[in-house]
Structures are given as C-alpha cells and as structure tokens.
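Enquirer: Here is the input, now give the coordinates:
(one chain, ligands or ions: 1)
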Amino acid sequence: MQLDLFSHVAAAYADAKVCLDNETLYSEVSRRAGLSNDELNARTPIGEAGALRSVVKRKIRWHQQELKAMGVITRHERGIWGLTEKVTEDLDRAKSGVKLVAFSTDLGVAVWGACRDVFGGLEQQIALCVTSPPYPLRIPRAYGNPSESEYTDFICRSFEPIIKNLMPGASVCINLSNDIFLPGVPARSLYLERLTIALCDRFGLYKMDMIPWVNLSKPPAPIAWASKKRVQLNTGYEPVLWLTNDPHKVRSNNRRVLEEHSERHKALLARGGEQRTAEYGDGAYKLRPGSFGGMTEGRIPKNVLMRGHVCRDGAQYKEDAERLGLPSHGAAFPLAIPDFLIRFLSEPEDLVVDPFGGTIKVGMAAERLGRRWMVSEWILQYIRASAERFRIFPGYWLNPMMAAM
Ligand SMILES: C[S@@+](CC[C@H](N)C(=O)[O-])C[C@H]1O[C@@H](n2cnc3c(N)ncnc32)[C@H](O)[C@@H]1O
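Expert: Predicted structure coming up:
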C-alpha cells in the first residue's frame, strides 16, 4: 500500500495538471486507491500527546513532501500544491509576438498566439465577439489563470484591440464565473460588477444583459461552502455578460432564435385565443376574447440559456486529441452556447471572433452558421487537436508545421 499510495499521489497531481488543495488531494487519492471515507478518515492516537489524526491523510502529506523534494511539485499557497513549470512543459504556449495561422477554411482562421498579438493587427470590422476567458481561479488551470486582483486589467487589455474594431451595433459576450469567493469566506467576490463597470466606463460599452447559462448537470460546487459548511447552494449557472457599443443599432434580432410554440399555446391559437375577460396586476394586464389569438412565427426565448454540458462536438474534440496523443482541454463550453449567441447577435457573413479559442467552439459554430470567423489560442496542442474537426469544411488548410506534430 505504501508504494501504491505514493503513485496515487503523484498521479493525482499529474492529472490535475497544475494545482490541488489538500482536501481534493485526499479525495482523489482515496478514490484511486479504492479507500472508503471511513478508511480515509479513521483517526488513531499519534505522537506523545496521542492526538487523534488520520494516518492515511498523514501518509498522503508525507508523499506530497517527497514529491516536493524531487522537484515535481511546488507550493502555490497554504495547502495548495501543483506541478512545477518544468513538469507542465507539455503545453506549448506561444511566446510574446508569435502568431502563426494554425488552420483555416474558406470562412475562418485559427491563429496560434496571444490574443493581443493576434487581434492587434486586424483591420476588419467585427460584428460579434463571443468568448470564455480564463476565470480568476485561486487554483489555476493548466493553461494559466490571472488572479482576481489583476482580472479587470487583464480582460480590458485583452479586449482592447477587438473593441477598437467593432462595427456600430456590434456585441461582445463574455462567459464568466459567478463562483469566485473571497478568500476563506463564503461570500462572492464583486469582480463581475467591477469588470462590467470597467468595460463600460473605459470603452464606452453598454450592458445589454447578464444572461444566466443554466447547466443543471454541473458537478456539486462550491464544495467548501455547499457540501461541507452547508451555508451556500450548489451552483447551477454561469453568467454571460452581453455588451454592445451602440444599443440603438445593435445587430441582435430575436427572430433568428425563435422557438417552437408550446403545445398549450398552439391549442390556444387553434381556439382563436382567449375566450374570457380578466384583469391581472391591478389592471396592468387585461385579457379580452381573442387575446393571444394572433398567429406568430414562434416563441421569443426567455433570457436564460438552459443548456447541458454534453456536446457531440466536444466528444469529437476529445477523441481527436487522444488519437493524436495530445492533452485534452478541461474547460470548454458546449457548442449550443456560441450557436445561440451567434444566431441571435450576428448575420450571415458577419465577422465573429474569439480571443480565447480553447477547442475553437466559436469558430465551429460560426462556420456552421455561415459567418466569417477568427480565433486566437495560445496553447499549440489545443489548436492542433481542434483542427481535425474542420477538415470537412470547404477550403480547409492545415499549416504543414502543425501537421508535423
Ligand atoms: C476557458 S478556455 C476557453 C474554452 C473555449 N470557450 C472552448 O469552448 O473550448 C480559455 C482559453 O483561453 C486560452 N488563453 C488564455 N490566455 C490567452 C491569451 N492571452 N491569448 C490566447 N489564448 C489564451 C487558454 O489556453 C484556454 O484554452
């Protein structure tokens, strides 16, 4: 068991790619080692004072220190350890100033490089930016995350070249996290509010909406405050901030995203609408015979996106990455999110961009919807694996330097 436990600790850090807090490490290791909760937490008197401690957790921390001594992991903050940079070098991040077309189609182009470098030289008018930037996570992802204190400046700096090129009435949609907590406190950070105000004040943008993307299949979180302390609820949504540079000319059109009428509404239409007279809300709403009887093309969606995480395009990406022996991406959104936003906020042939491309979902949705597209992504392996899904589209070209990977 000694040797097994060591390899389970090492594997837990390797799979997490960057950091793990100790609680997550314990549960990861016990899952891998097949230990029950009782076995993990069984307390035995330890030392002269005979304090009751979990022997297994102690052994796990011991192996953690062995990995530290071997230069495999390093401490990020109290109780949070992760792989050293030397070990995470399997992800190739574009150096400053490097921009290389990774692949393209007749409609779009995916560029390997940092977003400021890639979009800095663009001279075309952009109709829509849909993106999901790295969140200000305390435990960073493999591709790197800015801290909460640097977040507003990081986002503003990244978006500046894009906002400069927005056409009148263009939109910017940013998928963010609502689950950034003050350190050690079950209260949420106000970074979302600060960021929204900064984007509007610094760039003259307007807030059109903060649309919740509701995903009821999200894993339970925040563990510390919902599962353990029980003072918060489990998270079921992420906000999508929608901004525009000109609300009078905004290119959104809900006719492009109409939904089918419900069976109940279809039956009401078939009856010629309401048959009764009634008043609601102190007379604010009045029903008369014939109300809601006019045939319409469809139902205007509510401003809540109910979309699960499962996505065929995402599964295809994972398969491609595995076949090519490349690391997978751990933070993609389902294709349904950019698909809806692109249909709602842009017209065919418009230019749609994503500075934080990841698995190039925005490029894929734009391609399928006949929009032109341009995305940047600074991790070579993500962009290379993503290229495979675009082979079926007209004009596909893969940079031979990428093909050699
Ligand atoms: C949350 S992920 C985006 C996932 C994407 N929406 C998808 O569905 O696949 C953020 C991505 O931004 C990339 N990234 C972070 N900083 C970047 C930068 N300065 N320039 C370009 N890409 C960056 C990361 O490597 C990561 O793949």
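Enquirer: Surely residue 204 is in contact with residue 245?
Expert: Yes: assessed by C-beta atoms under 8 Å, residue 204 is found in contact with residue 245 at 6.7 Å. Bear in mind the C-beta positions are built from the backbone N, C-alpha and C, glycine included.
Enquirer: Remind me which helix or strand residue 10 belongs to.
Expert: For residue 10, the element it lies in under DSSP states H and E is helix 2-16.
Enquirer: Now do that helix: distance to the chain's middle.
Expert: Computed by C-alpha atoms, centre = their mean, to the nearest Å, the chain-centroid distance of helix 2-16 equals 28 Å.
Enquirer: which strands and helices sit next to it?
Expert: Based on contacts counted as 3 or more C-beta pairs under 8 Å, 6 or more residues apart in numbering; DSSP states H and E, the elements that helix 2-16 packs against are helix 22-33, helix 55-69, strand 80-83.
Enquirer: how about these, which one is nearest the ligand?
Expert: strand 80-83 (16.3 Å; C-beta to the nearest ligand atom).
Enquirer: With only the CA atoms kept, save that closest one in PDB.
Expert: The C-alpha coordinates for strand 80-83 follow below in PDB (Å, rounded to 0.1, in the frame of the first residue of the first chain):
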ATOM      1  CA  ILE A  80      -2.300  24.200  -2.300                       C
ATOM      2  CA  TRP A  81       0.400  22.400  -4.300                       C
ATOM      3  CA  GLY A  82       0.900  21.800  -8.000                       C
ATOM      4  CA  LEU A  83       3.300  20.600 -10.700                       C
END
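Enquirer: name the helices or strands packed onto that strand?
Expert: Against strand 80-83 (3+ C-beta pairs under 8 Å, 6+ apart) you get helix 2-16, strand 19-21, helix 22-33, strand 73-77.
Enquirer: between residue 204 and residue 245, which one's more packed in?
Expert: residue 245 (18 against 10; other C-beta atoms under 10 Å).
Enquirer: Tell me the residues on the stretch 101-250 of the chain that lie near the ligand, please.
Expert: 114, 115, 132, 134, 143, 158 (C-beta under 6 Å from any ligand atom).
Enquirer: quick one on the thing from earlier: could I get the helices and strands packed on strand 80-83 in a markdown table, plus columns for distance to the ligand and mean pLDDT?
Expert: Shown next, in a markdown table, are these (distance: least, C-beta to the nearest ligand atom, whole Å; pLDDT from 0 to 100):
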| stretch | distance to the ligand | mean pLDDT |
| --- | --- | --- |
| helix 2-16 | 16 | 72 |
| strand 19-21 | 16 | 84 |
| helix 22-33 | 20 | 87 |
| strand 73-77 | 18 | 75 |
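Enquirer: Give me whichever of those is most buried.
Expert: Compared across these, strand 19-21 shows the largest average neighbour count, a mean of 23 (mean count of other C-beta atoms under 10 Å).
Enquirer: I'd say residue 135 and residue 177 touch.
Expert: Yes: contact criterion C-beta under 8 Å: residue 135 and residue 177 qualify, at 4.3 Å.
Enquirer: Where does the closest residue to residue 314 other than its chain neighbours sit: helix, strand or coil?
Expert: With C-beta to C-beta, 6 or more residues apart in numbering as the criterion, residue 314 has its nearest non-adjacent residue at 5.5 Å, and that residue is residue 332. Counting by DSSP: H, G, I helix; E, B strand; the rest coil, the backbone at residue 332 sits in coil.
Enquirer: same check, this time on the one 5 residues further on
Expert: Remark: residue 337 carries the secondary structure label helix [criterion: three-state DSSP].
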